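> Requesting a structural model of the entry that follows:
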Amino acid sequence: MDVLILKPDALPVLATHSGKFHCDEVFAYAVLRLALGLGAPGADHVLLRTRKAELIESADIVWDVGGEFDAAKGRFDHHQRGAPVREDGTPWSSAGLVWQVYGERAVAALLPGSERFAAAIAAELDKSVVLRIDEQDNGVSADGPVKKDSLGLGRLVEDCNPAWDDPAANGPTAGDAAFLEAARLVGDVLARRVEGMRAKHEAASIVLAAYEASADKRILVLERGMPWKNVIFSHDLPVLFAISPASNGNWMLDTVPPEPGSFEHRLSLPEGWAGLQNAELAAASGVEDAVFVHLRRFVGAAKTRDGALAMAKLALEAA
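Got it, this is the predicted structure:
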């Protein structure tokens, strides 16, 4: 979709409806600020919360109000007849409509130096977060009615609204300060989620590189501790053992489950090592710096990388 080019000669005006706010318009505002590189309202843009048609019409970007969806014109409402729906039939909220245009740019703004992951992360967030906001805001999904989530992001945002008897709930600027507070909350949540997903993608690239460099594709050796199991499953790698350093200085030797969530192992460590530690394990295994093997034989450790690698190779030979 085309992205609206804001006028350079005046502060851009971003408009949504006044009154009680919900997660979709707060999320959309947080996304717009990230994608457009905007700071606080009044400094480099105007945030207008209003129901006045003439003010809405003159704004640069409008969402969740105005009765129109036209991304090229900066209009992102979903309440009008003929409003767009997702491919699965789920109605869009203003969050979803804004995300389709600005989501990847917002994610990229949170990933300095790692922008290459922005498209993938934006697509994942659309499925895991934005779709959920669409469903909650409209009360329906492709699977039918949606139950309210008392612990989700939507409820946390709604809780930011001032109570009915709070003076801040009345008057021409009712809820405006609370809206900004909610937007900061959403921005923080989004930033943390993106960072976690960035780390996951970064780990996946390292794991795949380590696998390609491995002389024995059954043994994965990582020079840092990081998530690796999901990469093995998603890429269908024939890895049986993974070796990585632990925070206590040892090197861990992990078996690989046959499938995600399983407590079984593709290949267990040798039965003769089960439950042994230190000198006993060193004698049984022939690895001088072997530290321990769990009684269930799904994990072991050595003091050095070479020791853990030797244990893995001996376990393969024993099998």
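> for this protein, longest helix please?
Counting by DSSP state H, the longest helix found in the chain is helix 176-213.
> Name the strands paired with the helix or strand that that helix is followed by and say parallel or antiparallel.
Downstream of helix 176-213, the next assigned helix or strand under DSSP states H and E is strand 219-221. Looking at strand 219-221 with DSSP bridges, its partner strands are strand 241-245 (parallel).
> Packing partners of the helix or strand that the strand it pairs with is followed by?
Using DSSP H and E, the helix or strand that follows strand 241-245 in sequence is strand 251-255. In terms of contacts (3 or more CB pairs under 8 Å, 6 or more residues apart in numbering; DSSP states H and E), strand 251-255 is packed against strand 241-245, strand 299-302, helix 305-318. C-betas here are computed from N, CA, C, even on glycine.
> Now the longest helix of the chain: buried residues?
By neighbour count with 16 or more other CB atoms under 10 Å, helix 176-213 contains the buried residues 176, 178-180, 182-183, 185-187, 189-191, 193-194, 197-198, 200-201, 203-204, 206-208, 210-211.
> what angle sits between it and strand 241-245?
Helix 176-213 and strand 241-245 are oriented at 120 degrees to each other (axes from the mean of the first three to the mean of the last three CA atoms, to 10 degrees).
> Show me what helix 176-213 is packed against.
helix 23-36, strand 46-49, helix 118-125, helix 153-158, strand 219-221, helix 229-234.
> Out of those, which is the most enclosed?
When those are scored by mean count of other CB atoms under 10 Å, the highest mean neighbour count falls to helix 23-36 (a mean of 25).
> Show me what that one is packed up against.
If contacts are counted by 3+ CB pairs under 8 Å, 6+ apart, helix 23-36 sits against strand 13-16, strand 61-63, helix 94-109, helix 131-138, helix 153-158, helix 176-213.
> So Arg193 sits against Ala122, correct?
No. Using CB atoms under 8 Å, Arg193 is not in contact with Ala122; the gap is 11.4 Å.
> Domains in the protein, by residue range?
Domain ranges of the chain: 13-201, 214-318, per automatic domain parsing.
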